[in-house]
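*Asks:* Need the 3D shape of this:
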Amino acid sequence: MQEEKLPTLTEAIKEIGVITISSACGCSARSIYKWMKKGSLPRTDFTGETNYAEKIALASKGKFSKELIKAISRPQKATDSAA
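*Replies:* Residues are numbered from 1 along each chain as shown. Modelled structure (predicted):
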């Protein structure tokens, strides 16, 4: 029995469409590509200043829930490998 693998934020965005998400969130496509590169939504979505996860979930027409989007788009902690 195989467990279903969670998609990454990039995979979810690609499946829904960058233009669709940029329209739903009121952001530029460039902003969406930045989210994809970082693998996370902006900090403001986790502090309650914005609600992009909810807007992305609505744009997905039921394919992804707000909770799933939040779970797969948490900012990753920086590592010391840059030193």
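*Asks:* the helices in this protein, which residues?
*Replies:* Applying DSSP state H to the chain gives helices spanning 9-16, 18-25, 29-38, 52-59, 66-72.
*Asks:* Low-confidence ranges, this structure, go.
*Replies:* 1-3, 77-83 (pLDDT under 70).
*Asks:* what do you get if the cut-off is 80, keeping everything else the same?
*Replies:* Along the chain, segments meeting pLDDT under 80 span 1-4, 76-83.
*Asks:* one step back: Thr44: which of the helices of the chain is closest?
*Replies:* helix 52-59 (8.1 Å; Cβ to Cβ). No exception for glycine: its C-beta is placed from N, CA and C like everyone else's.
*Asks:* mind listing what's buried in stretch 33-53?
*Replies:* Residues of stretch 33-53 classed as buried by neighbour count (16 or more other Cβ atoms under 10 Å): Trp35, Met36, Ser40, Leu41, Pro42, Asp45, Thr50, Tyr52, Ala53.
*Asks:* most packed of the helices of the chain?
*Replies:* Greatest average neighbour count among the helices of the chain goes to helix 52-59 (a mean of 20), per mean count of other Cβ atoms under 10 Å.
*Asks:* can you list contacts of that one?
*Replies:* In this structure, residues lying in contact with helix 52-59 by Cβ atoms under 8 Å, 6 or more residues apart in numbering are 12-13, 16, 20-21, 23-25, 27, 41-42, 45, 64-66, 68-70, 73.
*Asks:* do stretch 9-16 as well
*Replies:* 7, 21, 32, 35-36, 39-41, 56, 59-60, 63-64, 68-69, 72-73.
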